[in-house]
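[1] Pasting the sequence and the predicted model now:
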Amino acid sequence: MSNLIASTAPKARQLTHEEIHDIEHEKTHYPYAQAVGLEALKIVQKYQGWVSDESLLAVAEYLKLPPDELEGVATFFNMIFRRPVGKHVILLCDSVACWMLGCDNLKAHISSKLGIDYGQTTADNQFTLIPVPCLGDCDKAPTMMVGDKTYRNLTPARIDAILAECKAHG
Amino acid sequence: MTLTNKPLTKNIEIGRAPFNFAQYQAAGGYQSVARALTYKPRDLMKLVQDSGLGGRGGAGFNTGLKWSFIPEPDGGPRYLVVNADEMEPGTFKDRLLMEHDPHLLIEGMITASIALQATMAYIFLRGEYKEAEHALLQAIKEAYAAGVLGKNIQGSTFSLDMALHTSAGRYICGEETALINALEGKRANPRFKPPFPQVSGLWGRPTLVNNVETICNIPGIVTNGVEWFKGLGINGQFGTRISGVSGRVKKPGCWEMPVGTTFRTLFEDYAGGMQDGYQLKAFLPGGGSTDFLMPEHLDLPMIPGDVAKAGSRLGTSLIMVLDDKTCPVGCIHNLIKFFAHESCGWCTPCRDGLPWSEHMLVKLENGEGSLKDIEILKEMCGYMAPGNTFCALAPGAAEPLQSGLKYFHDEFVEHVNHGCKYKQH
Ligand SMILES: Cc1cc2nc3c(=O)[nH]c(=O)nc-3n(C[C@H](O)[C@H](O)[C@H](O)COP(=O)(O)O)c2cc1C
Ligand code: SF4
Ligand code: FES
């Protein structure tokens, strides 16, 4: 039966040397491979931008973990992206201190400027906009992260400058 | 030499790179490690207990007492885990400590590990804290190179390894048993207690979970002694802690101050009071999961017992002010939306009660609510009360809601009739 229908189910891809190197480094910190699961997904995401089915299966295979358990972990953590994202991920803080200082206006500003809502990516694949809970910088609200960088005391004008800089520096 | 009265922040200078190992040591750092190695572990735990240090993660339980429940070593692994997940809305103190003086945390972890006879120490760090990640990785590397981490520390029989785990979101990871599951690589649902982590934690082994700021207190206590630590507090309290203010105050920020300082001193002297044109309407005393307090509570000292008597919790002691031009219903809606989103989904009052509460708050804001909805919101708070759920997330979520319904009842009713009259949001 099995050869009557060509399977379209995703298959594990090959992990890269860098990915394997980083995962091996993480393994030295823990007594069990399962503990490395999340870090390994983050490593894959660092290099690939997101975690595809093929990547998830590759990590599961490499660490000898049941793929559905690893998927359960991947979907639990909101900073693991199971869909492709843009080159720059904008994490806009929408928690209470930033809300009091006008983050809803900033959200509207970014949305109209980039033409995307929360969870969407621009057509040129440059930006994805995602809300994030309190970034722990409430005394400098409103705040956001773009990539690994945190930006504080935001205004619409500052956001324009930050986005322009992201685009200019690719 | 006079001893510092700012043991947590004495090395912190915003704008300059944190001290490296040599600079930190030259400033008096790492003395507690050598000193701790001369103690019997149980005596060291007793010393910390006698200092009166309470956990800075929110619950305020005596740290030395919490440690003392760990069983005697049996030759197997034992763990210290530092909770650096800091996701409580309105909380921004652990970030400061880790980014600006990472060696203080590492010294504290080593000294705490000597007391606990831990074999491995993990830092469970919030994934978004990239600056802290870099500072801590560098400091851990330096500590290994200097021989305060690794095998036979300072020529003793004590060995300790340390690693940084970076997380990937979800507030529930800060709950200590959920954190242990996350560190094991599982979904971060909380665990049933007992057994408590001290007896059966990470991989079923004895484990202590402590907040960043709690552990940052350990070097000072062990180096300078209990009497010195006690002398730092006021109003019958011991030590210092980081408190701060966010919202529309003149100088938002956080500062190290004597434990026992009043909310008024923090709000007026440190934060400069409200910005011009705004008045203080209410405040959350210690993060999003604490009950509102009112301006008449400002003279309370920031002491867990005193704040409890006023009907709230000190929590993380970073206060968030609600001004007179911001809608209290909208503010509560923002908080409930956060908790609804962050519920781990394990138990019904939390998983279903929070989204339902959020739904009703939206209705009220849109002027589509009824008086019955206000009654249902009150009922929801009852379902989420302590004891009805598997962990403290839901009771915490209910706190701003139940106190908001009490203090801002008239405004809730006004929303039924007219929707939200605050226009700026
Ligand atoms: C939902 C939830 C989130 C929590 N988040 C944190 C956190 O981010 N950091 C923290 O130190 N404690 C947090 N706690 C408290 C921890 O469970 C635990 O009490 C604390 O880490 C113990 O440290 P301490 O004794 O040093 O205060 C949280 C608790 C709950 C219920
Ligand atoms: S109270 Fe909420 S967060 Fe805690 S276990 Fe229940 S569903 Fe999960
Ligand atoms: S609420 Fe935005 S940084 Fe804390």
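    Yep, that arrived. Numbering: from 1, shown residues only, chains lettered A, B, ... in the order given. Ligands and ions are numbered 1, 2, ... in the order given.
[2] hang on, isn't residue B:90 packed against residue B:246?
    Yes. Under the criterion of CB atoms under 8 Å, residue B:90 makes contact with residue B:246 at 5.8 Å. Every residue, glycine included, has its C-beta placed from N, CA and C.
[3] which residues do the two both contact?
    Both residue B:90 and residue B:246 are contacted by A:97, A:138, B:318-320, under the criterion CB atoms under 8 Å, 6 or more residues apart in numbering or on different chains.
[4] Am I right that residue B:185 sits in a strand?
    No. With DSSP: H, G, I helix; E, B strand; the rest coil as the criterion, residue B:185 is located in coil rather than a strand.
[5] That one reaches residue A:36, doesn't it?
    Yes. Counting by CB under 8 Å, residue B:185 does reach residue A:36; the two are 6.6 Å apart.
[6] Could you name every residue contacting both of the two?
    With CB under 8 Å, 6+ apart, residue B:185 and residue A:36 have no common neighbours.
[7] does stretch A:106-126 come close to chain B?
    No. Using CB under 8 Å from any CB of the partner chain, stretch A:106-126 never reaches chain B; the gap is at least 10.9 Å.
[8] what does that stretch contact?
    Counting by CB under 8 Å, 6+ apart, A:84-88, A:90, A:92, A:94, A:127-131, A:142, A:144, A:154, A:156, A:159-160, A:163, A:166-167 sit against stretch A:106-126.
[9] Same question for stretch B:16-29.
    B:10-12, B:30, B:99-104, B:107, B:135, B:138-139, B:142-143, B:145-146, B:219, B:223.
[10] I'd like to know how many residues surround residue A:83.
    Using other CB atoms under 10 Å in any protein chain shown, residue A:83 is surrounded by 10 other residues.
[11] so it, which of the three states?
    Applying three-state DSSP: residue A:83 is coil.
[12] That one reaches residue A:49, doesn't it?
    No. Using CB under 8 Å, residue A:83 makes no contact with residue A:49, being 10.4 Å away.
[13] Which stretches in the stretch 201-350 of chain B count as strands?
    B:207-211, B:240-246, B:253-258, B:280-284, B:318-323 (DSSP state E, counting those that start in this stretch).
[14] top of the shared contacts of residue B:90 and residue B:246 by neighbour count?
    Neighbour-wise, the shared contacts of residue B:90 and residue B:246 (other CB under 10 Å) top out at residue A:97, 32 neighbours.
[15] quick one: the residue nearest to that residue when sequence neighbours are not counted from residue A:98, how far?
    Residue nearest to residue A:97 in three dimensions, not counting chain neighbours: residue A:138, with 3.5 Å by CB to CB, 6 or more residues apart in numbering or on different chains. Residue A:138 sits 7 Å away from residue A:98, going by CB to CB, to the nearest Å.
[16] Residue B:72 now?
    Distance from residue B:72 to residue A:98, by CB to CB: 48 Å.
[17] Between these two, which is the more surrounded one?
    Neighbour count, other CB under 10 Å: between residue B:72 and residue A:98, residue A:98 has more, with 29 against 8.
[18] Who are the contact partners of the more buried one?
    Counting by CB under 8 Å, 6+ apart, residue A:98 has contacts A:134, A:138, A:141-143.
[19] for residue B:189, same thing?
    B:172, B:178, B:181, B:344, B:346.
[20] What pLDDT is listed against it?
    pLDDT, residue B:189: 96.
[21] With mean pLDDT and distance to residue B:168 as added columns, please give the strands of the stretch 201-350 of chain B in JSON lines.
    Putting the strands of the stretch 201-350 of chain B into JSON lines (pLDDT from 0 to 100; distance: least, CB to CB, whole Å) gives the following:
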{"stretch": "strand B:207-211", "mean pLDDT": "98", "distance to residue B:168": "19"}
{"stretch": "strand B:240-246", "mean pLDDT": "98", "distance to residue B:168": "25"}
{"stretch": "strand B:253-258", "mean pLDDT": "98", "distance to residue B:168": "26"}
{"stretch": "strand B:280-284", "mean pLDDT": "98", "distance to residue B:168": "27"}
{"stretch": "strand B:318-323", "mean pLDDT": "98", "distance to residue B:168": "24"}
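[22] doesn't residue B:114 fall inside a strand?
    No. Assigned with three-state DSSP, residue B:114 falls outside any strand and is helix.
[23] residue ranges for the strands of chain A, please.
    A:88-93, A:127-132, A:144-146, A:149-151 (DSSP state E).
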